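Enquirer: just a sequence and a predicted model for now, questions to come.
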Amino acid sequence: MSHTIIAPSILAADFANLQRDIEMINNSEADWFHLDVMDGVFVPNISFGMPVIKSIAVHAKKTLDVHLMIVDPDRYIKTFADLGANILTVHYEACTHLHRTLQAIKAEGMQAGVAINPHTNVSLLEDTICDIDLVCVMSVNPGFGGQSFIENTYKKVKQLREIISANGASTKIEIDGGVTNKNAKQLVDAGADVLVAGSYVFGATNPVETIQDLKNIVK
Ligand code: DX5
Ligand code: ZN
């Protein structure tokens, strides 16, 4: 089985002790930092933006996986590249010209991700799949951490895995929302490559052990 990537979501970190929480992830078995940017328009919540990501990038020693939950993301592609984002994910539902947006992200030297809301069918990505480095399958409605996992996600992951294989693409599948030790194995068996976990990691008494447990479950 290939290596499953664990990406703790900073949305659930303690923002008054952000450096401590970043060092915790640096010293854990986690692979990526998942950074949720919300604009209060695309989703009904506002999280954090450029100054916070700039500060995180100074200390973070792992891949920066930036998830934009914002309208008209093309406006900020260069800004996030300059801040140090390695992967930039935009929402399918927020892009009128998705193919153009993907090319613009790659032209800035980043990997291009597309996130899909729970109501968005994976078949809508068939014509762009070879241009997408990462599909982020939302397993909750975006906007908040700590929500319950939507069970229909397993079916979507299997369908998406088939589309990726049928097109000979190397796209990774990321699952975002409500990931715990209860669903991690089933998600990887369905075809997931990357598991984002926010409240499950940061709400744990021992986050480093919790990350290690997730890794062991999906081995
Ligand atoms: C939700 C965000 C997620 C969130 C996941 O809109 O995109 O990344 O932080 O949090 P949990 O793991 O608590 O559901
Ligand atoms: Zn996210």
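Expert: Yep, it's here. Ligands and ions are numbered 1, 2, ... in the order given.
Enquirer: residues touching Ala30, list them.
Expert: Listed by Cβ atoms under 8 Å, 6 or more residues apart in numbering, the contact set of Ala30 reads Ile6, Ala7, Pro8, Lys62, Val201, Ile211. Glycine gets a C-beta too; all of them are placed from N, C-alpha and C.
Enquirer: a markdown table for these, including pLDDT?
Expert: A markdown table is the format used below for the contacts of Ala30 (pLDDT from 0 to 100):
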| residue | pLDDT |
| --- | --- |
| Ile6 | 98 |
| Ala7 | 98 |
| Pro8 | 98 |
| Lys62 | 98 |
| Val201 | 98 |
| Ile211 | 98 |
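Enquirer: quick one, phi/psi of the residue in the chain that ligand 2 sits nearest to?
Expert: Residue of the chain nearest ligand 2, by Cβ to the ion: His67 (3.7 Å). For His67, the backbone dihedrals (degrees, to the nearest 10) come out as phi -110, psi 110.
Enquirer: quick check, it in contact with Leu35.
Expert: Yes. When contacts are counted by Cβ atoms under 8 Å, His67 is listed as touching Leu35 (6.7 Å).
Enquirer: residues near the residue in the chain that ligand 1 sits nearest to, how many?
Expert: At 2.9 Å from ligand 1, Gly198 is the closest residue in the chain, using Cβ to the nearest ligand atom. Using other Cβ atoms under 10 Å, Gly198 has 24 other residues around it.
Enquirer: do Phe149 as well
Expert: 17.
Enquirer: which other helices and strands contact the longest helix along the chain?
Expert: Using DSSP state H to define each element, the chain has its longest helix at helix 153-166. The contact analysis (3 or more Cβ pairs under 8 Å, 6 or more residues apart in numbering; DSSP states H and E) places helix 153-166 against strand 134-138, strand 172-176, helix 184-190.
Enquirer: comparing those, which comes out most buried?
Expert: Each of the helices and strands packed on helix 153-166 was scored by mean neighbour count; the highest is strand 134-138, a mean of 26, by mean count of other Cβ atoms under 10 Å.
Enquirer: contacts for that strand, please.
Expert: By Cβ under 8 Å, 6+ apart, the residues outside strand 134-138 that reach it are 65, 67, 87, 89, 111-118, 122, 125, 129, 153, 156-157, 160, 171-177, 192, 194, 196.
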